[in-house]
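Student: Predicted model and sequence below, questions to follow.
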Amino acid sequence: MIVSNATDKTVKKLLINGQSHDVVIRSADLLLDTLRSQLGLTGAKPGCGNGDCGACAVVVDGKPMHSCLSLTIEAVGKSITTIEGLQDSPIQKAFIENWAIQCGYCTPGFIMNCYALSETYPDADDETIEEWMQSNLCRCTGYQEIKEAVKTILQIKKDQRPAQ
Amino acid sequence: MIPFNFDYYKPSTAYEAVATYQMAADAGKEVLYYSGGTEFITFARTNQLKADVVIDLKSIPECTVLEQNGSECVIGSAVSLNELVTFNLFPLLGETVKRIADHTSRNKITIGGNVNSRLIYREGLLPFLLADAKVKIARKEKEEIVPLADLYKQEITLEPGSFVVQFIVDHAYTTLPFSTLKKTRMSQVGYPIVTVSALKKDQDIRFAFSGVCQYPFRSFEMEKILSDGTMPEQDRIEQALSKLPGPILHDSYASAGYREFVFKNTLADTLQMMEGNQ
Ligand SMILES: Cc1cc2nc3c(=O)[nH]c(=O)nc-3n(C[C@H](O)[C@H](O)[C@H](O)COP(=O)(O)OP(=O)(O)OC[C@H]3O[C@@H](n4cnc5c(N)ncnc54)[C@H](O)[C@@H]3O)c2cc1C
Ligand code: FES
Ligand code: FES
């Protein structure tokens, strides 16, 4: 029943962006740190470390999660998607085309959250979009461009659906 | 990064969890139950908390249950706040926890973690206080169901090694008229300056509060005054204010004076909503 002990580092498998990776972890390691420093997946950004800013967001089993608020050991056996798994995706394009980026620090977190939203609720109404997007802070843009990008991606999802 | 090491256990029964706790505590170790883990991580990362052993409750099926069982609504302590909103078995609870933290954090924060938080807000408690909830506790010898009112003395008081397995609410309470209003300093997301939750049972309105004093509370004395329809609304609010169980909070989020102002307005809004709901 013990999953990981205090004195030894243990080798665990993480499923990230569809690929299995071996990582060597302490029980105390945070998912954000493991992604960045062991796997070089530096798209998830360290910000507040407290769940306030959303810069570190990744998608775990379809749900957006703050990787700063998760132990790596908790993610074993789950399917993790990071921004690196969304290269050349329509959502990345939507952010670029809507000028939803300035310094770009918050962007991976926003995209991951928006990705999970569009997969879960392609018909999300304005209230739901607002509720989900409140999890991410941007200190550069006025949020309007980000909202436009989110709406673009939801529209693409709707257009892709076969006609009833 | 968390600056200390700990053993991480993931028991699959409540019995195993309690036994693991006992074994580690007997060996002189500092042991903590872990549910969503968000509070543990933020406090551990900043050296405000230390543990040698962490026991994750999320693999115990009893703690993840969320169901209507006959006349009872059973809510596992490791259910996330977003699951409570999505499944909405107890609408007052769903509406109240929907305003805790932000959507992404609510995928991780659990109801058991919120209610046992060392922070002063614990907004998830309010609906349980109003609905005379019962709590299933895992103890050394056995599991036991006790009224929340017997356990809650400014915080849920549990003997070392015990933990909350489930909250149990009579289904009848989940269909009563309610209101829940949260006021924060600035944005939608934030700790409450005032949260007022209310539930109408028969002709009486029950009230519970967070953010007003040092701990969440329900006050029968205040309820009696606030439900007294023979008095004008403003008089009821003034008299209820004089019965607060402690001083009004005064901190960096809001001065005591501002909190009092917001408290009165929120109570007036709540009364109008609940009394319009005859
Ligand atoms: C970004 C953010 C915003 C927040 N905003 C709000 C807010 O607006 N309102 C509010 O009320 N709170 C708020 N909180 C606080 C949050 O609700 C608490 O910190 C809560 O404890 C987190 O739950 P958890 O499941 O992650 O807890 P954990 O870290 O797992 O546990 C918290 C504490 O509870 C104990 N515990 C956990 N489960 C049990 C159990 N079943 N039985 C007994 N003890 C148990 C643990 O040992 C620990 O001491 C916020 C937190 C974050 C991260
Ligand atoms: S770094 Fe995780 S929420 Fe800010
Ligand atoms: S683009 Fe700079 S923080 Fe958002």
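Tutor: All right, it came through fine. Ligands and ions are numbered 1, 2, ... in the order given.
Student: Which pLDDT does the model give the residue at minimal distance from the centre of chain A?
Tutor: Taking Cα atoms, centre = their mean, the centroid of chain A lies closest to A:Val58, which sits 2.4 Å from it. The score at A:Val58 is 98. That number is its pLDDT.
Student: backbone phi and psi for it, please?
Tutor: Summarising the backbone geometry of A:Val58 under the convention degrees, to the nearest 10, its torsions are phi -130, psi 170.
Student: That one against A:Ile111, yeah?
Tutor: No - at 10.7 Å, A:Val58 does not count as touching A:Ile111 under the criterion of Cβ atoms under 8 Å. Backbone N, C-alpha and C define where each C-beta goes, glycine included.
Student: average pLDDT for the longest helix belonging to chain A?
Tutor: Longest helix in chain A by number of residues (criterion: DSSP state H): helix A:144-160. Summarised as a single mean, pLDDT over helix A:144-160 is 91.
Student: Tell me the buried residues in that helix?
Tutor: Within helix A:144-160, the residues that qualify as buried are A:Glu145, A:Ile146, A:Lys147, A:Glu148, A:Ala149, A:Val150, A:Lys151, A:Thr152, A:Ile153, A:Leu154, A:Lys157, counting by 16 or more other Cβ atoms under 10 Å in any protein chain shown.
Student: wait, what's in contact with the first one?
Tutor: Think A:Glu145. Shown here is A:Glu145, whose contacts under the criterion Cβ atoms under 8 Å, 6 or more residues apart in numbering or on different chains are A:Asn98, A:Trp99, A:Ala100.
Student: Can you pull the domain assignment for chain A?
Tutor: Under automatic domain parsing, the residue ranges defining each domain of chain A are A:10-84, A:86-160.
Student: Tell me the spacing between the residue nearest to the centre of chain A and B:Pro177.
Tutor: Applying Cβ to Cβ, to the nearest Å, one obtains 40 Å for the distance of A:Val58 from B:Pro177.
Student: now B:Tyr152
Tutor: Relative to B:Pro177, B:Tyr152 is positioned 24 Å away (Cβ to Cβ).
Student: between the two, who's got more neighbours?
Tutor: Each of B:Tyr152 and B:Pro177 had its neighbours counted (other Cβ atoms under 10 Å in any protein chain shown), and the higher figure belongs to B:Tyr152 (21 against 15).
Student: List the beta-bridge partners for that one.
Tutor: Note on B:Tyr152: beta-bridge partners B:Ile156, judged by DSSP bridges.
Student: and it, what pLDDT?
Tutor: Checking the pLDDT column for B:Tyr152, the value is 95.
Student: hang on, it packs against B:Leu125?
Tutor: Yes - between B:Tyr152 and B:Leu125 a contact is recorded at 7.4 Å, counting by Cβ under 8 Å.
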